[in-house]
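> everything below, folded, please.
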Amino acid sequence: MEKLWYGEPAKIWEEALPLGNGRLGAMVSGNVINESIGVNEESIWYGGPMDRNNEDAKEALPKVRKLIFEGKIAEAESLLATSFTGTPEAMRPYQSLGSIELRFKDLYEPRNYYRELDLEDAVYKQNFTVEDTRFVRMMLISRPDDAMVMYFKTEGVVKVSLNAFLRRDRFFDGVKKSGENGIYLYGNLGKGGFDFGMSLSAKTVGGTVKVVGEQIEIEDATEVMLIFTAASTYRLGEGADIEAHNREIIKKVEAKTFSMIVKDHIEDYQNLFNRVTFEIGEWTSASALPTNERVKRVMQGKRGDISLSKLFFDYGRYLLISCSRPGDLPANLQGIWNKDMTPPWDSKYTVNINAQMNYWPAEVCNLSECHEPLLEFIKKLVPNGRKTAKEMYGCRGFVCHHNTDIYGDTAPQDMYIPATYWVMGAAWLCTHIWTHYEYTLDEEFLKEYFPIMREAAEFFLDYLVEHKGYLVTCPSVSPENTFILPNGQTGSNIYGVTMDNQILRDLFTQCIESAKILNVEDELNEQIKKALKAIKPTEIGLNGYILEWPEDYEEAEPGHRHISHLYGLYPSDQISVDKTPDLARAAKLTLERRLAKGGGHTGWSRAWIINHYAKLWEGEKAYDNLVKLFEMSVYPNLFDKHPPFQIDGNFGVTAGIANMIVQSDFDRIVLLPACPKAWKEGSMTGLKTKKTGTIDIYWENNKLTEAYLSFEKDIDMGIRYKDICQDMHFEANKTYLITLANASTLDISEYVEEDDANES
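Next up, the predicted model:
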C-alpha cells in the first residue's frame, strides 16, 4: 500500500498533497465544497535578469585578504559588506502561479470521507458520500499530455454541479473566456519579466457547461473533466501567443477519454518509479493508520512503525520524478510546490547545500534522467559566472556564490556575513557532472561538460593565494557557521576553509581524471595537477574533531545546522571507514559533538546526518536520526520541515536510506553497510552502482542472503560485506549472484535464469 491517505480534508497547506509532471505542480487539499488547488509553473520568477556584480570588489580584494591574514576579521567583514555585496543585494524570487478555485453545489453532511496520493501511479483519489450518492474525485498532472486533469463523477441521484475559476492574488493583468468552455488568466512578471498565462477548460458527460463572467459554470453533470495548463514566454519566446499554446494542449487532452489519459500518465511515471523497490519487514497496525496519525504517533515517541521508512523513501522518489524531468528547470528550495508570492528565501536555488541535496538520490535511485535539469542548468551559470569572475575578482573561469535564480545569477546574494561571500557554488555543482559520469560512463556527456568543469577549476587557479605553504581560498566561509577567535571576537570570513579544500580536491581530481579519459594533455591540465598538490589536506584538531577552519577555532554555534567540514565524508568519498580510518573516527566524533550541542534541528540537516552515519557504516545511528527526523521535522503530508517547508530534506533522506543498503565508489561496492536491526529482513532492488551497475539485494535476520549484480560493461570491482572483501571481474550484460559462503568468503557466480538453463 504505497499511499499517503487521510480521513479528512487538509486544514493547512502542509496537509495538502502534491502533484507534478516536472514543469507543473499542484497542491490538493481535498475540501468537499470549497476546494482551492494551489498551482505552480517552473518559470514563474518575478522580474527580469540583472547585472548585480559589485564593481568595487576587485579593488577591495587585496585589502580584504590583507586584513584576514592579519587576523582583523571584523574589519575585513565590514569591507566585504560594502564592496562585495550584490547591487542590489537580492536576486529574483520564485512565485506561486496562483490557484484553481472550485465551488461545488448541493453537497452537505458528507460521510465516509477518504483521500489519498497513490505513489504507485501518481494519482490523487478522493471519495465521500452525500445521502445515497457516492462522489469520486481523481486528479493527476500528466507528463505526456502536459496538463493537470481533474475528474469528478457521481454514483447515485445527486449530480456534479460547480463553479470553477482561476486566482492569482491580484498579481495578474486579466482573465477572459477562452474557447467555448474555458477561461484564461494572464499577466506579466514585472519589468523585464516573462509573460504568463494559465487556462482551465471543462468537458462533461450530461449536464450543461457555460462560461459566465470569469467562471466556468457546470450544472447536473454525471462526469466532469477539468483540464488545466499554464505556460510562459520563458519557454515559448517573447511575443508568443500563450493562450493559443494552452488551447492546443487542452484540445488534444479533450480528444481523449479520462481512462486514456490515466493510462498514458501511469505508463510514463512507472517507467521511472518502478525501477527501484524497497521492502522491509511486515505491515503493522500502525501501517494501516492515516498518514497524519502515523506521523503523530512517531512524534509521541512510538517507534514501531518501521514501514514509515519505506513510505518516506518512495515518497522522495515520487517527488523527484514529479518536479525534475529532462528539459525542465531544476528543483528549487520547494521543488515546484510554493504557495507564496514572496516565499522563504525566495524559493531560489541555494547552492551551498540545498540544491545539491535535491539531487543526491537521482543516480543511486536509478533516476539519472531526473538529474539532467540540474546538469543542464549549470550551463546557464557559465556566461554570468565568467562576468562575475572577471569583474569582481579579476579571475579567469567562472564562479557562483551561494544562490542563483532562473537567470543563472552568480553575484553574491544577501548581506549575510556567514554565507554571502563564498565562491564555491559553481565548483560544488560541477562535481555533479562527475557523479553523473560515474554512474553512466557516458563519455559523450563527459566530453560536452569537460570544458565547464575546467572553467570552474580555472577560476581557482587565479583566485587561490599562497599562505603558510598551501594554496588557499580567501576570503571564504564555512557555510553558514561562525567561529570565535582567541581574543573573543566572532567572525565567519576566513581563508582555507576545510570544505573549500575538500570541494577543490574533488573538482581538481575530477578534471584530471576526465582529461585522462578524454585523452587531453595540455598546460591547463598540468596547472590543475600542480594546484591539487598544494591544497591543504583535511586535518584533525587537538580534540579529535575534523577542523572546520584553518585553525582550531571554537564555534559560536556548536550545534549548527550546516556540517560543511564533513563534505569529504558525504557527498564526497574522501573520508571512508576502510580507506581513511583516522579521518572516519574524527568525523564520527565531529558528528557526535554536533548532535550533543543540538545539531540536526532542521530537516535537511538531519538528512545530511543520516547520510554521514550511513557512510560511517553506523546503521543504528543512521536509523536513530531517521526516526528523529520523523519525530521533529516532518509535516503531516510528509514534506520536510526546516521549518518552514524545504524539499531538500525529503531528497536527502531518500539518498540516506539507499546509502544504508548499498554504497559504491570506483573501486568497490559495499553491501548492507548500515542496515539497522529494526530492518531485520527486507530487500531493495534496482539501485544503481557506479560504473553502470544495477543491484538487487535481499537480507534476513540482518544478514545478507543474496544479491544480484550486473554491469553494462566489462568491469573490475571489489565487493565488500562487513569484513569480507573480494575483487572480481564482471562481464558485461551478465547477472552475478552473490551469497555468503561463510564468515570470511562470498560466493560470487554467474546467475542463469532457470528457464535459460533448461533451454541450454
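
> and Pro558, how far from Ser232?
Pro558 is 45 Å from Ser232, where distance means Cβ to Cβ, to the nearest Å. Any C-beta I mention is one placed from the backbone N, CA and C, and that applies to glycine too.

> these two: which is more packed in?
Ser232 (23 against 13; other Cβ atoms under 10 Å).

> spit out the contact partners of that one.
If you count contacts by Cβ atoms under 8 Å, 6 or more residues apart in numbering, Ser232 has them with Glu41, Ser43, Ile44, Leu189, Phe194, Asp195, Phe196, Gly197, Ile242.

> number of residues surrounding the second one?
Residue crowding around Ser43 was assessed by other Cβ under 10 Å; the count is 22.

> isn't it right up against Leu236?
No: contact criterion Cβ atoms under 8 Å: Ser43 and Leu236 do not qualify, at 9.7 Å.

> tell me which element Arg593 falls in.
Taking DSSP states H and E as the criterion, Arg593 maps to helix 581-596.

> for that helix, what is the average pLDDT?
For helix 581-596, mean pLDDT is 97.

> how about the CA coordinates for the helix or strand just after it, as CSV?
Next along the chain after helix 581-596, taking DSSP H and E as the criterion, comes helix 603-615. Output in CSV follows, covering the C-alpha atoms of helix 603-615 (Å, rounded to 0.1, in the frame of the first residue of the first chain):
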residue,chain,number,x,y,z
GLY,A,603,15.1,18.6,8.5
TRP,A,604,17.7,18.9,5.7
SER,A,605,20.5,18.9,8.3
ARG,A,606,19.1,15.7,9.9
ALA,A,607,19.0,14.2,6.4
TRP,A,608,22.7,15.1,5.9
ILE,A,609,23.5,13.4,9.3
ILE,A,610,21.7,10.2,8.2
ASN,A,611,23.9,10.1,5.1
HIS,A,612,27.0,10.8,7.2
TYR,A,613,26.3,7.9,9.6
ALA,A,614,25.5,5.7,6.6
LYS,A,615,28.9,6.4,5.2
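
> which strands or helices does helix 603-615 pack on?
When contacts are defined as 3 or more Cβ pairs under 8 Å, 6 or more residues apart in numbering; DSSP states H and E, helix 603-615 packs onto helix 354-358, helix 581-596, helix 619-632, helix 648-661.

> CSV please, covering those helices and showing distance to Lys263 and mean neighbour count.
Listed next are these as CSV, based on distance: least, Cβ to Cβ, whole Å; neighbours: other Cβ atoms under 10 Å:
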stretch, distance to Lys263, mean neighbour count
helix 354-358, 30, 25
helix 581-596, 47, 19
helix 619-632, 35, 21
helix 648-661, 27, 29
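
> buried sites along stretch 319-328?
The neighbour-count check on stretch 319-328 (16 or more other Cβ atoms under 10 Å) flags Leu319, Leu320, Ile321, Ser322, Cys323, Ser324, Arg325, Asp328 as buried.

> what residues does that stretch touch?
Stretch 319-328 has contacts (Cβ under 8 Å, 6+ apart) with 18-23, 25, 42, 122, 141, 143, 269, 272-273, 330-331, 335-337, 358-359, 361-362, 365, 367, 369-374, 376, 647, 650-651, 654.

> of those residues, buried ones?
Burial by neighbour count, 16+ other Cβ under 10 Å: within these this picks out 18-23, 25, 42, 122, 141, 143, 269, 272-273, 330-331, 335-337, 358-359, 361-362, 365, 367, 369-374, 647, 650-651, 654.

> pLDDT weak spots in the stretch 1-150 of the chain?
Applying pLDDT under 70 to the stretch 1-150 of the chain flags the ranges 1.

> at 90 instead, please
Scanning the stretch 1-150 of the chain for pLDDT under 90 picks out 1-2, 106-110, 131-132.

> also the chain?
For the chain (pLDDT under 90), the answer is 1-2, 106-110, 131-132, 157-158, 169-171, 281-288, 302-304, 743, 752-760.

> can you pull the contacts of the spatially most central residue of it?
Centroid-nearest residue in the chain: Asn358, 1.6 Å away (criterion: Cα atoms, centre = their mean). Counting by Cβ under 8 Å, 6+ apart, Asn358 makes contact with Leu320, Ser324, Pro330, Ala331, Gly335, Leu374, Ile647, Asp648, Phe651.

> could you measure from the first one over to Tyr437?
Using Cβ to Cβ, we find Leu320 at a distance of 20 Å from Tyr437.
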